[in-house]
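Participant: Sequence first, predicted coordinates after that:
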Amino acid sequence: MSETFPVTTPQKVRRRGNNAYCVSNLGVRVREVRTLKKMSQRALAAAARMPPSTITRLEMGHLEGVYTNSLASLAYALNCTSDYLL
């Protein structure tokens, strides 16, 4: 008999009419890809068109979730898929 392990998927949260994803390891993955591409947090923030403080808070785990458009901007700036970041 094989064991079944629970699969953790990001929870979709509804906030003020916008879609947001609650994720725990997104910041870790963003930092991993950013450092592999030798980008600073400021360079990533400029490429993703978001404040540098958002990148810092995301990587430190101080954000509960991220909106889908922000996730898409990060993925585009890092040249990877949003699925990879999640």
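Facilitator: Right, received. Where do you want to start?

Participant: Report pLDDT for Gly65.
Facilitator: Note on Gly65: pLDDT of 76.

Participant: For it, give the beta-bridge partners.
Facilitator: Cys22 (DSSP bridges).

Participant: Against Leu58, how distant is it?
Facilitator: Shown here: Gly65 relative to Leu58, a distance of 10 Å by CB to CB, to the nearest Å. C-betas here are computed from N, CA, C, even on glycine.

Participant: residue ranges of the helices in this protein, please?
Facilitator: 26-36, 41-48, 52-60, 68-78, 82-85 (DSSP state H).

Participant: among those helices, which is the most enclosed?
Facilitator: Most buried of those, by mean neighbour count (mean count of other CB atoms under 10 Å): helix 68-78, with a mean of 19.

Participant: Any idea how far that one is from the middle of the chain?
Facilitator: 8 Å (CA atoms, centre = their mean, to the nearest Å).
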